[in-house]
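**Student:** can you look at this prediction? I've put the sequence above it.
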Amino acid sequence: YTHYFEALRHSAFQVVSILTTTGFNSVDFNVWTQFSMFLLFVMMFIGACSGSTSGSVKVLRILILIKSIFVKEINHLIKPNAILLVKVNNRTVPEIVIANVTSFFLLYVLIFVISVLVILAVEDISMMGALSACAATIGNIGPGFNEVGATHNYDFLTGFSKLWLCGLMLLGRLEIFTVLVIFSPMFWRK
């Protein structure tokens, strides 16, 4: 039983560390099963709760997206004339919020995909290394997998890749729309 409790303790610690984006690790999760690593990778995109200082997409946005897909879109195909509302904690989520969350998520995924392509083009790194490096930096997670895993670091990357990943960290920490607003000429006009 000791082995199972030890495994449960380490896996629970890693899950909490990744969801809260604290960046700590207690074991080399690169030696875990592919299924376990995939679950950790998915959690890199979820993050913690809204209002926290954690990174990533955040649980509330994921919940709104899922409810929007299943409550509105799929049910709308079944009942095209029904008025369907997305509710969180018995409060209706306004359409503008659903649109903003959807836009944020699509922009997040687009930036992630472009970043993975850039890192793969510049570095001699595995696909999982590039995927996790980009997910870990835009989500401010910390360690990734393979070359940037729990027992490694980002030191071997070229200066360009480090700058790119630093940019992702800023985007993830400051929120994408905030950074885009700062670089918008309309923001600087009086």
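**Tutor:** That came through, no problem.

**Student:** can you show me the helices along this structure?
**Tutor:** 2-19, 34-46, 59-67, 75-78, 95-122, 127-138, 159-174, 176-182, 185-188 (DSSP state H).

**Student:** spatially central, which residue of the chain would that be?
**Tutor:** residue 45 (2.4 Å; C-alpha atoms, centre = their mean).

**Student:** so what pLDDT did it get?
**Tutor:** Predicted confidence (pLDDT) for residue 45: 92.

**Student:** any idea how far the nearest residue to residue 85 once chain neighbours are set aside is from residue 80?
**Tutor:** Nearest non-adjacent residue to residue 85, counting by C-beta to C-beta, 6 or more residues apart in numbering: residue 92, 4.9 Å away. For glycine as for every other residue, the C-beta is placed from the backbone atoms N, C-alpha and C. Plainly put, residue 92 is 20 Å away from residue 80 if you go by C-beta to C-beta, to the nearest Å.

**Student:** do the same with residue 52
**Tutor:** 39 Å.

**Student:** which secondary element of this protein has the worst mean pLDDT?
**Tutor:** One helix or strand of the chain scores below all others by mean pLDDT, DSSP states H and E: helix 75-78, with a mean of 87.

**Student:** check which helices and strands that helix sits against.
**Tutor:** Under the contact definition 3 or more C-beta pairs under 8 Å, 6 or more residues apart in numbering; DSSP states H and E, helix 75-78 sits against no other helix or strand.

**Student:** how about that helix as CSV, C-alpha atoms only?
**Tutor:** The C-alpha coordinates for helix 75-78 follow below in CSV (Å, rounded to 0.1, in the frame of the first residue of the first chain):
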residue,chain,number,x,y,z
ASN,A,75,-29.4,22.0,-28.1
HIS,A,76,-30.0,24.8,-30.6
LEU,A,77,-29.6,22.1,-33.4
ILE,A,78,-32.3,20.1,-31.6
